[in-house]
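K.L.:
here is a sequence with its predicted model. Questions after.
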Amino acid sequence: KVSKMRPMLNLLRSFGTTACRQAPMARFDLARRSLTIKSGDLEIDKYATAIASGNRFMLSKAITLIESTRDDLRTKGQQILDRLLELQAQKRKGQGFRLGISGPPGVGKSTFIEALGMEWINAGHKVAVVAVDPSSHLSGGSILGDKTRMERLSMNPNAYVRPCASGCVLGGLAQHTDEVVMLMEAAGYNMVLVETVGVGQSEVLVTEVADMCLLLLPPAGGDELQGIKRGIVEAADLVVVNKADGDLLMPAKRALVEYRSALHVRPLS
């Protein structure tokens, strides 16, 4: 039996020796080309299919690619988004409802979002939140701490909360907020809340991203003149006086009357 198998063994041995001796890099190049093919269109389809089926891990990775400062990674993220938009068009699936929530620092945007998000989830919706956090002009870093104020919402399986750094971009949002929202909608979240950084009177970029803009104001936010001033108050579709309980109940009612009067005299056009 050994004598009969010896020609085959010699052939296999010579083939392996020749392959290792003559073309060690050829196999490496072949493997590298295979890896490149795999990481191209196939990987884009893999990302898109997983996100469309509700994979939160792949959604997070795609958002990281979109927000990257590297051109190659950002291009890959854009390709994933384009593929998802194609899948949405094929399924004739429209976008959800986008609510932008703005207001001055400390007014309670994050806690308000958690309460509203839980109400929507109890009504049968899937909720996603983009919480934009300001970046330091000195170090460029961000705390990204808004998610800690949404403990119940962030742990709910029907919710997805993504803190994003503003990257020193003016206007109240981050540079790629609109693309992040589209990724969330492609993942099946039909209600998207966009929380801006703590804004002043001129940060109105959220109106270009959201279907509706809600402005949260503190109970003692100023006199009637603040409501007449142009800017975020003018751009808001809905004005809410927050923290109207306890000792702040009466100041909140006074602020409500003042803003209602101010918005009455504001021109409609």
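P.N.:
Thanks, I have the structure now.

K.L.:
Arg162 is in what secondary structure piece?
P.N.:
Per DSSP states H and E: Arg162 is located in strand 159-165.

K.L.:
which secondary structure elements does that strand sit against?
P.N.:
Where contact means 3 or more CB pairs under 8 Å, 6 or more residues apart in numbering; DSSP states H and E, strand 159-165 is packed against helix 56-67, strand 127-133, helix 151-155, helix 177-186. For every residue, glycine as well, the C-beta is placed using N, CA and C.

K.L.:
contact partners for Leu144?
P.N.:
Listed by CB atoms under 8 Å, 6 or more residues apart in numbering, the contact partners of Leu144 are 131, 133, 163-165.

K.L.:
any idea how far it lies from Asp247?
P.N.:
Going from Leu144 to Asp247 by CB to CB, to the nearest Å gives 32 Å.

K.L.:
excluding chain neighbours, what is closest to Gly140?
P.N.:
Cys168 (7.1 Å; CB to CB, 6 or more residues apart in numbering).

K.L.:
can you give me the helices in the stretch 1-150 of the chain?
P.N.:
2-22, 24-37, 43-52, 56-67, 71-91, 109-122 (DSSP state H, counting those that start in this stretch).

K.L.:
list the contacts of the shortest one.
P.N.:
The one in question is helix 43-52. So helix 43-52 is contacted by 58-59, 61-62, 76, 79-80, 83-84, 87, 183, 186-188 (CB under 8 Å, 6+ apart).

K.L.:
flag every buried residue along it.
P.N.:
Buried residues in helix 43-52, counted by 16 or more other CB atoms under 10 Å: 44, 47-48, 50-52.

K.L.:
OK, contacts around the residue nearest the centre of the chain?
P.N.:
The chain has Val180 as the residue nearest its centroid, 3.8 Å off, counting by CA atoms, centre = their mean. Residues near Val180 by CB under 8 Å, 6+ apart: 63, 66-67, 130, 162, 164, 174.

K.L.:
in the stretch 151-269 of the chain, what spans have low per-residue confidence?
P.N.:
Applying pLDDT under 70 to the stretch 151-269 of the chain flags the ranges 199-202, 221-230, 264-269.

K.L.:
cutoff 80 now
P.N.:
Low-confidence segments of the stretch 151-269 of the chain (pLDDT under 80): 167-172, 198-204, 220-235, 259-269.

K.L.:
show me where it has its helices.
P.N.:
With DSSP H, counting those that start in this stretch, the ranges of helices along the stretch 151-269 of the chain come out as 151-155, 177-186, 225-228, 232-235, 249-265.

K.L.:
pick the most buried one from those helices.
P.N.:
helix 177-186 (a mean of 23; mean count of other CB atoms under 10 Å).

K.L.:
how far away from the center of its chain is it?
P.N.:
Distance of helix 177-186 from its chain centroid, counting by CA atoms, centre = their mean, to the nearest Å, is 6 Å.

K.L.:
check the gap between Gly140 and Thr69 for me.
P.N.:
Distance from Gly140 to Thr69, counting by CB to CB: 11 Å.

K.L.:
same thing with Glu114?
P.N.:
With CB to CB as the criterion, Glu114 and Thr69 are 30 Å apart.

K.L.:
now do Val204
P.N.:
Using CB to CB, Val204 is found at 26 Å from Thr69.

K.L.:
higher neighbour count, the two?
P.N.:
Taking other CB atoms under 10 Å, Val204 and Thr69 do not tie; Val204 has more neighbours (21 against 8).

K.L.:
start to end distance for stretch 163-181?
P.N.:
This stretch, stretch 163-181, spans 12 Å end to end (CA to CA, to the nearest Å).

K.L.:
list the buried residues in that stretch.
P.N.:
Result for stretch 163-181 [16+ other CB under 10 Å]: buried residues 163-167, 169, 171-181.

K.L.:
fine by me, thanks again.
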